[in-house]
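> With the sequence up front, the predicted model follows.
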Amino acid sequence: MRILYGVCSWGLGHATRSLPVIRRLLKEDHTLTVISSGGALTLLKNELNGEIEFIDIPDYPMILSENTRQFLAKSVVYWPVFIRRLQRGLMMVTKLLGKNPHDIVFSDGRYDIYSKKIPSFFISHQIRIMNPLRIRFLESGSEIFNLFFFKRFRGFIVPDYEEDNLSGDLSHNLRFIDKKKLYYVGVLSDFSRRKTNKDIDYLLSLSGPEPQRTFLEKRIFEQIDELKGKVVVTLGKPERKTIMRRGNVTIYSIVDKQKREELMNRAKLIISRSGYSTIMDLAVLKTKALMIPTPGQIEQEYLAEYHNKRERFIQ
(Lines give C-alpha, C1' and ligand atoms only; values in the text may rest on other atoms or scores of the structure.)
Protein backbone atom coordinates (compact mmCIF):
# COMPACT_ATOMS: atom_id res chain seq x y z
CA MET A 1 0.00 0.00 0.00
CA ARG A 2 1.26 3.49 -0.87
CA ILE A 3 0.83 5.84 2.10
CA LEU A 4 1.15 9.63 2.24
CA TYR A 5 2.12 10.69 5.77
CA GLY A 6 2.08 14.35 6.85
CA VAL A 7 3.89 15.59 9.96
CA CYS A 8 3.42 18.97 11.66
CA SER A 9 6.68 20.88 12.13
CA TRP A 10 5.81 22.86 15.28
CA GLY A 11 8.82 21.67 17.28
CA LEU A 12 9.96 18.04 17.11
CA GLY A 13 7.14 16.33 19.03
CA HIS A 14 4.96 15.39 16.07
CA ALA A 15 8.01 13.91 14.33
CA THR A 16 9.15 11.85 17.32
CA ARG A 17 5.71 10.39 17.93
CA SER A 18 5.36 9.60 14.21
CA LEU A 19 8.53 7.51 14.20
CA PRO A 20 7.06 4.34 15.79
CA VAL A 21 4.07 4.53 13.44
CA ILE A 22 6.24 5.00 10.35
CA ARG A 23 8.60 2.21 11.39
CA ARG A 24 5.65 -0.14 11.90
CA LEU A 25 4.25 0.71 8.47
CA LEU A 26 7.65 0.10 6.86
CA LYS A 27 7.94 -3.22 8.68
CA GLU A 28 4.60 -4.20 7.14
CA ASP A 29 6.13 -3.47 3.68
CA HIS A 30 4.11 -0.34 2.90
CA THR A 31 5.61 2.36 0.69
CA LEU A 32 5.69 5.79 2.36
CA THR A 33 5.98 9.39 1.25
CA VAL A 34 6.48 11.78 4.19
CA ILE A 35 5.64 15.49 4.07
CA SER A 36 7.02 17.89 6.69
CA SER A 37 9.37 20.87 6.98
CA GLY A 38 11.99 22.53 9.18
CA GLY A 39 13.57 20.72 12.11
CA ALA A 40 10.91 18.00 12.10
CA LEU A 41 11.80 17.06 8.53
CA THR A 42 15.52 17.07 9.37
CA LEU A 43 14.93 14.76 12.34
CA LEU A 44 12.86 12.34 10.26
CA LYS A 45 15.52 12.27 7.54
CA ASN A 46 18.23 11.57 10.11
CA GLU A 47 16.23 8.66 11.55
CA LEU A 48 14.78 7.20 8.35
CA ASN A 49 16.86 8.41 5.42
CA GLY A 50 17.09 5.95 2.55
CA GLU A 51 13.91 4.12 3.53
CA ILE A 52 11.26 6.57 2.32
CA GLU A 53 10.67 9.61 0.11
CA PHE A 54 10.59 13.02 1.80
CA ILE A 55 8.87 16.16 0.51
CA ASP A 56 9.26 19.63 2.03
CA ILE A 57 5.95 21.51 2.19
CA PRO A 58 6.01 24.48 4.63
CA ASP A 59 3.70 24.35 7.63
CA TYR A 60 1.26 27.06 8.72
CA PRO A 61 2.37 29.29 11.63
CA MET A 62 1.61 28.77 15.32
CA ILE A 63 -0.23 31.23 17.59
CA LEU A 64 1.84 32.12 20.67
CA SER A 65 0.13 34.47 23.16
CA GLU A 66 0.71 35.59 26.73
CA ASN A 67 -2.88 36.43 27.71
CA THR A 68 -6.49 36.33 26.53
CA ARG A 69 -6.43 39.80 24.94
CA GLN A 70 -3.29 38.96 22.98
CA PHE A 71 -4.74 35.56 22.02
CA LEU A 72 -7.90 37.17 20.58
CA ALA A 73 -5.95 39.94 18.81
CA LYS A 74 -3.50 37.51 17.24
CA SER A 75 -6.34 35.19 16.21
CA VAL A 76 -7.89 37.92 14.06
CA VAL A 77 -4.62 38.31 12.16
CA TYR A 78 -3.76 34.62 12.20
CA TRP A 79 -6.76 33.03 10.49
CA PRO A 80 -6.35 34.71 7.07
CA VAL A 81 -2.68 33.64 7.07
CA PHE A 82 -3.68 30.14 8.20
CA ILE A 83 -6.25 29.80 5.39
CA ARG A 84 -3.78 30.98 2.72
CA ARG A 85 -1.10 28.55 3.91
CA LEU A 86 -3.70 25.81 4.12
CA GLN A 87 -4.82 26.37 0.54
CA ARG A 88 -1.23 26.51 -0.72
CA GLY A 89 -0.31 23.26 1.04
CA LEU A 90 -3.45 21.52 -0.19
CA MET A 91 -2.73 22.56 -3.78
CA MET A 92 0.76 21.06 -3.53
CA VAL A 93 -0.61 17.83 -2.03
CA THR A 94 -3.31 17.57 -4.73
CA LYS A 95 -0.68 18.06 -7.42
CA LEU A 96 1.55 15.43 -5.81
CA LEU A 97 -1.27 12.87 -5.63
CA GLY A 98 -2.17 13.60 -9.25
CA LYS A 99 1.33 12.66 -10.38
CA ASN A 100 1.96 9.89 -7.83
CA PRO A 101 -1.26 8.15 -6.71
CA HIS A 102 -1.41 6.88 -3.12
CA ASP A 103 -3.90 4.62 -1.37
CA ILE A 104 -4.36 6.37 1.98
CA VAL A 105 -3.38 9.56 3.84
CA PHE A 106 -2.35 9.97 7.48
CA SER A 107 -1.86 13.53 8.69
CA ASP A 108 -0.33 14.22 12.10
CA GLY A 109 -1.48 17.71 13.02
CA ARG A 110 -1.64 19.14 9.47
CA TYR A 111 -5.02 20.21 8.13
CA ASP A 112 -3.59 20.74 4.64
CA ILE A 113 -2.62 17.12 3.99
CA TYR A 114 -5.65 15.12 2.89
CA SER A 115 -7.48 14.03 -0.25
CA LYS A 116 -11.12 13.90 -1.28
CA LYS A 117 -10.38 10.88 -3.46
CA ILE A 118 -8.75 8.49 -0.97
CA PRO A 119 -9.31 7.73 2.74
CA SER A 120 -7.66 10.38 4.93
CA PHE A 121 -7.13 10.17 8.69
CA PHE A 122 -6.12 12.95 11.08
CA ILE A 123 -3.78 12.18 14.01
CA SER A 124 -4.04 14.55 16.96
CA HIS A 125 -4.29 14.74 20.74
CA GLN A 126 -5.79 18.24 20.46
CA ILE A 127 -9.33 18.02 19.13
CA ARG A 128 -10.27 21.06 21.22
CA ILE A 129 -8.15 24.23 21.11
CA MET A 130 -7.73 25.77 24.56
CA ASN A 131 -7.91 29.50 25.36
CA PRO A 132 -6.00 31.20 28.20
CA LEU A 133 -8.96 31.61 30.58
CA ARG A 134 -10.76 28.37 29.67
CA ILE A 135 -13.78 30.38 28.46
CA ARG A 136 -16.30 27.71 27.55
CA PHE A 137 -17.97 29.35 24.56
CA LEU A 138 -14.55 29.98 22.97
CA GLU A 139 -13.57 26.35 23.47
CA SER A 140 -16.90 25.21 22.03
CA GLY A 141 -16.23 27.55 19.12
CA SER A 142 -12.80 26.02 18.58
CA GLU A 143 -14.36 22.55 18.57
CA ILE A 144 -16.86 23.70 15.93
CA PHE A 145 -13.99 25.31 13.97
CA ASN A 146 -12.07 22.03 14.06
CA LEU A 147 -15.23 20.19 13.04
CA PHE A 148 -15.33 22.25 9.83
CA PHE A 149 -11.88 20.96 8.84
CA PHE A 150 -12.38 17.49 10.30
CA LYS A 151 -15.23 16.85 7.86
CA ARG A 152 -12.54 16.27 5.26
CA PHE A 153 -11.15 13.32 7.20
CA ARG A 154 -12.70 9.88 7.53
CA GLY A 155 -11.62 9.50 11.15
CA PHE A 156 -9.42 10.87 13.93
CA ILE A 157 -6.65 8.87 15.55
CA VAL A 158 -6.04 10.08 19.11
CA PRO A 159 -2.70 9.01 20.67
CA ASP A 160 -4.16 8.60 24.14
CA TYR A 161 -6.20 6.28 26.32
CA GLU A 162 -9.94 6.71 26.48
CA GLU A 163 -9.79 6.25 30.27
CA ASP A 164 -7.06 7.43 32.68
CA ASN A 165 -5.89 9.70 29.88
CA LEU A 166 -2.91 12.00 29.35
CA SER A 167 -4.46 14.77 27.24
CA GLY A 168 -7.41 15.76 29.44
CA ASP A 169 -9.96 18.09 27.86
CA LEU A 170 -7.82 18.49 24.75
CA SER A 171 -9.32 15.29 23.35
CA HIS A 172 -11.93 14.20 25.91
CA ASN A 173 -15.33 15.47 27.10
CA LEU A 174 -16.04 16.69 23.58
CA ARG A 175 -19.47 18.09 22.73
CA PHE A 176 -19.70 18.25 18.94
CA ILE A 177 -17.28 15.69 17.47
CA ASP A 178 -18.83 12.37 16.43
CA LYS A 179 -17.35 9.87 18.89
CA LYS A 180 -17.74 7.08 16.36
CA LYS A 181 -15.00 8.74 14.32
CA LEU A 182 -12.59 8.93 17.27
CA TYR A 183 -10.06 6.12 17.64
CA TYR A 184 -8.14 6.18 20.94
CA VAL A 185 -5.05 4.09 20.21
CA GLY A 186 -3.00 4.57 23.38
CA VAL A 187 0.30 6.42 23.65
CA LEU A 188 2.68 6.66 20.69
CA SER A 189 6.19 6.43 22.07
CA ASP A 190 9.35 5.12 20.47
CA PHE A 191 10.78 4.24 23.89
CA SER A 192 10.72 1.36 26.38
CA ARG A 193 11.43 1.35 30.09
CA ARG A 194 14.74 -0.37 30.81
CA LYS A 195 16.50 -1.49 33.97
CA THR A 196 19.63 0.64 34.17
CA ASN A 197 21.66 2.67 36.64
CA LYS A 198 20.15 6.10 37.35
CA ASP A 199 23.50 7.87 37.03
CA ILE A 200 22.32 11.15 35.43
CA ASP A 201 21.10 13.60 38.06
CA TYR A 202 19.52 16.06 35.61
CA LEU A 203 18.60 15.62 31.95
CA LEU A 204 17.61 18.94 30.38
CA SER A 205 15.79 18.44 27.11
CA LEU A 206 15.26 21.52 24.93
CA SER A 207 12.70 21.53 22.14
CA GLY A 208 9.87 23.51 20.60
CA PRO A 209 9.52 26.42 18.18
CA GLU A 210 11.96 29.29 17.90
CA PRO A 211 12.69 31.76 19.36
CA GLN A 212 11.40 30.25 22.62
CA ARG A 213 13.74 27.25 22.38
CA THR A 214 16.75 29.59 22.22
CA PHE A 215 15.41 31.78 25.05
CA LEU A 216 15.16 28.73 27.31
CA GLU A 217 18.64 27.57 26.29
CA LYS A 218 20.11 30.93 27.32
CA ARG A 219 18.32 30.91 30.68
CA ILE A 220 19.43 27.36 31.42
CA PHE A 221 23.10 28.06 30.70
CA GLU A 222 22.96 31.16 32.89
CA GLN A 223 22.06 28.91 35.85
CA ILE A 224 23.42 25.48 34.96
CA ASP A 225 26.56 25.78 37.10
CA GLU A 226 24.31 25.77 40.18
CA LEU A 227 23.27 22.16 39.48
CA LYS A 228 25.26 19.55 41.38
CA GLY A 229 25.97 16.07 40.10
CA LYS A 230 25.96 14.73 36.55
CA VAL A 231 24.08 16.96 34.10
CA VAL A 232 23.19 16.22 30.46
CA VAL A 233 21.66 18.74 28.05
CA THR A 234 20.11 17.96 24.66
CA LEU A 235 19.67 21.15 22.63
CA GLY A 236 17.14 19.92 20.08
CA LYS A 237 19.15 21.20 17.09
CA PRO A 238 18.82 18.53 14.37
CA GLU A 239 20.74 20.63 11.83
CA ARG A 240 24.09 19.53 13.30
CA LYS A 241 25.52 16.80 15.52
CA THR A 242 28.04 17.87 18.15
CA ILE A 243 28.99 16.82 21.69
CA MET A 244 30.55 19.28 24.16
CA ARG A 245 31.68 18.88 27.76
CA ARG A 246 31.86 21.60 30.39
CA GLY A 247 32.82 20.35 33.83
CA ASN A 248 30.00 18.11 35.05
CA VAL A 249 27.81 19.01 32.06
CA THR A 250 27.62 17.07 28.77
CA ILE A 251 25.87 18.87 25.90
CA TYR A 252 24.45 17.16 22.80
CA SER A 253 23.16 19.27 19.92
CA ILE A 254 20.81 16.40 19.01
CA VAL A 255 20.51 12.73 19.89
CA ASP A 256 18.99 9.89 17.90
CA LYS A 257 16.21 7.64 19.18
CA GLN A 258 18.53 5.05 20.73
CA LYS A 259 20.65 7.60 22.60
CA ARG A 260 17.64 9.59 23.80
CA GLU A 261 15.99 6.45 25.13
CA GLU A 262 19.19 5.57 27.00
CA LEU A 263 19.54 9.06 28.51
CA MET A 264 15.90 9.25 29.62
CA ASN A 265 16.12 5.84 31.28
CA ARG A 266 19.30 6.87 33.13
CA ALA A 267 17.94 10.22 34.34
CA LYS A 268 16.74 10.78 37.90
CA LEU A 269 14.96 13.99 36.87
CA ILE A 270 14.07 15.29 33.39
CA ILE A 271 13.57 19.01 32.83
CA SER A 272 11.68 19.72 29.61
CA ARG A 273 8.83 21.47 27.87
CA SER A 274 5.37 20.07 28.54
CA GLY A 275 4.81 18.98 24.95
CA TYR A 276 2.44 16.06 24.55
CA SER A 277 4.97 13.77 22.87
CA THR A 278 7.35 14.28 25.80
CA ILE A 279 4.52 13.51 28.23
CA MET A 280 3.81 10.24 26.39
CA ASP A 281 7.49 9.26 26.64
CA LEU A 282 7.57 10.10 30.35
CA ALA A 283 4.42 8.07 30.96
CA VAL A 284 6.05 5.03 29.35
CA LEU A 285 9.36 5.47 31.19
CA LYS A 286 7.75 6.46 34.52
CA THR A 287 10.45 9.08 35.06
CA LYS A 288 10.16 12.15 37.30
CA ALA A 289 10.03 15.43 35.40
CA LEU A 290 9.96 19.18 35.87
CA MET A 291 7.75 20.75 33.20
CA ILE A 292 8.42 24.22 31.72
CA PRO A 293 5.57 25.16 29.32
CA THR A 294 6.49 27.17 26.23
CA PRO A 295 5.31 30.75 26.98
CA GLY A 296 2.15 31.56 25.05
CA GLN A 297 1.55 27.94 24.02
CA ILE A 298 -1.75 27.41 25.80
CA GLU A 299 -1.84 23.66 25.13
CA GLN A 300 1.43 23.15 27.02
CA GLU A 301 0.33 25.38 29.89
CA TYR A 302 -2.85 23.34 30.22
CA LEU A 303 -1.00 19.99 30.08
CA ALA A 304 1.52 21.07 32.73
CA GLU A 305 -1.28 22.20 35.05
CA TYR A 306 -3.37 19.09 34.31
CA HIS A 307 -0.56 16.67 35.20
CA ASN A 308 0.56 18.76 38.16
CA LYS A 309 -2.92 18.42 39.68
CA ARG A 310 -2.79 14.67 39.10
CA GLU A 311 0.69 14.62 40.69
CA ARG A 312 2.19 12.85 37.70
CA PHE A 313 5.01 15.33 37.21
CA ILE A 314 6.39 18.46 38.84
CA GLN A 315 5.23 21.66 37.14
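Nice, I can see it. Numbering: from 1, shown residues only.
> count of residues packed around P238?
By the measure other Cβ atoms under 10 Å, the count of residues near P238 is 22. All C-beta atoms are positioned from the backbone trio N, CA, C, and that covers glycine.
> so what's it scoring on pLDDT?
For P238, the pLDDT comes out at 82.
> got it, and F150?
In the predicted model, F150 carries a pLDDT score of 78.
> which ones are touching it?
Contacts of F150 were listed using Cβ atoms under 8 Å, 6 or more residues apart in numbering, and they are F122, F156, I177, K181.
> Could you find the closest non-adjacent residue to R245?
Computed as Cβ to Cβ, 6 or more residues apart in numbering, the closest residue to R245 that is not its neighbour in sequence is I251, at 7.3 Å.
> by contact count, what packs against whichever strand or helix holds that neighbour?
Here I251 sits within strand 249-252, counting by DSSP states H and E. Contact here means 3 or more Cβ pairs under 8 Å, 6 or more residues apart in numbering; DSSP states H and E; on that basis strand 249-252 packs against strand 231-234, strand 243-246.
> what sits up against it?
In contact with strand 249-252 (Cβ under 8 Å, 6+ apart) are residues 224, 227, 230-235, 242-245, 259.
> Which PyMOL command selects the buried ones in those?
Buried residues among the contacts of strand 249-252 (16 or more other Cβ atoms under 10 Å), as a PyMOL selection:
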select buried, resi 224+227+230+231+232+233+234+235
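> between the contacts of strand 249-252, which is closest to W79?
Distance to W79, by Cβ to Cβ, is smallest for L235 among the contacts of strand 249-252, at 33.1 Å.
> Tell me the strands beside the strand holding I251, with direction?
Using DSSP bridges, the neighbouring strands of strand 249-252 in the sheet come out as strand 231-234 (parallel), strand 243-246 (antiparallel).
> just checking, P238 touches I254?
Yes. With contact taken as Cβ atoms under 8 Å, P238 and I254 are classed as touching, separated by 4.8 Å.
> does L174 really touch R128, like I thought?
Yes. Because the distance of 6.4 Å satisfies Cβ under 8 Å, L174 is recorded as touching R128.
> Comparing these two, which residue is more hemmed in?
A count of neighbours by other Cβ under 10 Å puts R128 above the other of L174 and R128, at 24 against 17.
> Look up how far S171 lies from that one.
According to Cβ to Cβ, to the nearest Å, R128 and S171 sit 7 Å apart.
> and what of R84?
Distance, R84 to S171, by Cβ to Cβ: 27 Å.
> Equivalent analysis for L282, please.
When distances are taken as Cβ to Cβ, L282 and S171 turn out to be 18 Å apart.
> can you check I129 too?
When Cβ to Cβ is applied, the distance between I129 and S171 equals 11 Å.
> Tell me which of the two has more neighbours.
The residue with more neighbours, out of I129 and S171 and counting by other Cβ under 10 Å, is S171; that gives 23 against 17.
> you'd agree that one is up against I157?
No. With contact taken as Cβ under 8 Å, S171 and I157 are classed as non-touching, separated by 10.5 Å.
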